[in-house]
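Peer 1: Compute the structure for the input listed below.
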Amino acid sequence: MEQVRRRKTAWTAGVRRALIVVCVFFIFQQISGINVPFYYGPTLLGSYFGGKTSTAVSTATSGVEVTAILGAVNVIATYFAFRWIDKVGRRPLAIWGYAAWPCSSWSRPPEWDS
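Peer 2: Next comes the predicted model:
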């Protein structure tokens, strides 16, 4: 009985392959850096949008406001992205996205490298 239960719960080759694909997608998501604006947003964007003569409180407030707007845009874009995934399919979008990723990195201005 224990052998039958163990055999039913063993990971099949398809389950292991799906787990590897999902882990690779998570790694690419972390490499792409979408977490940076949300984590450092109030610090980086607050000084940029707060103005040069603003106080520390107004800089922090403007940073949080800009980060909230960034989060709202992310939620709205995610909604439309899921609708697009349903129309086009995951595989073609992943292939085109991963193909466009290096192209967009190569096309940036050289002064961004410093």
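Peer 1: List the contacts of stretch 49-63.
Peer 2: 41-47, 65-66 (Cβ atoms under 8 Å, 6 or more residues apart in numbering). Where you see a C-beta, it was placed from the backbone N, CA and C, and this is true even at glycine.
Peer 1: can you list those residues in JSON lines and add secondary structure and neighbour count?
Peer 2: Shown next, in JSON lines, are the contacts of stretch 49-63 (DSSP: H, G, I helix; E, B strand; the rest coil; neighbours: other Cβ atoms under 10 Å):
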{"residue": "Gly41", "secondary structure": "helix", "neighbour count": "18"}
{"residue": "Pro42", "secondary structure": "helix", "neighbour count": "19"}
{"residue": "Thr43", "secondary structure": "helix", "neighbour count": "12"}
{"residue": "Leu44", "secondary structure": "helix", "neighbour count": "15"}
{"residue": "Leu45", "secondary structure": "helix", "neighbour count": "20"}
{"residue": "Gly46", "secondary structure": "helix", "neighbour count": "21"}
{"residue": "Ser47", "secondary structure": "helix", "neighbour count": "15"}
{"residue": "Glu65", "secondary structure": "helix", "neighbour count": "15"}
{"residue": "Val66", "secondary structure": "helix", "neighbour count": "19"}
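Peer 1: For Pro42, list the residues it contacts.
Peer 2: Taking Cβ under 8 Å, 6+ apart, we find Pro42 in contact with 60, 63-64, 66-67.
Peer 1: among the contacts of stretch 49-63, which one has the lowest pLDDT?
Peer 2: For the contacts of stretch 49-63, the model is least confident at Ser47; its pLDDT is 69.
Peer 1: thinking again about what came up before, could you dump the contacts of stretch 49-63 to CSV with distance to Leu93?
Peer 2: Written out in CSV, the entries for the contacts of stretch 49-63 read as follows (distance: Cβ to Cβ, whole Å):
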residue, distance to Leu93
Gly41, 26
Pro42, 31
Thr43, 33
Leu44, 29
Leu45, 29
Gly46, 34
Ser47, 36
Glu65, 32
Val66, 29
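Peer 1: which one of those residues is nearest Val21?
Peer 2: Nearest to Val21 out of the contacts of stretch 49-63 is Gly41 (Cβ to Cβ; 30.1 Å).
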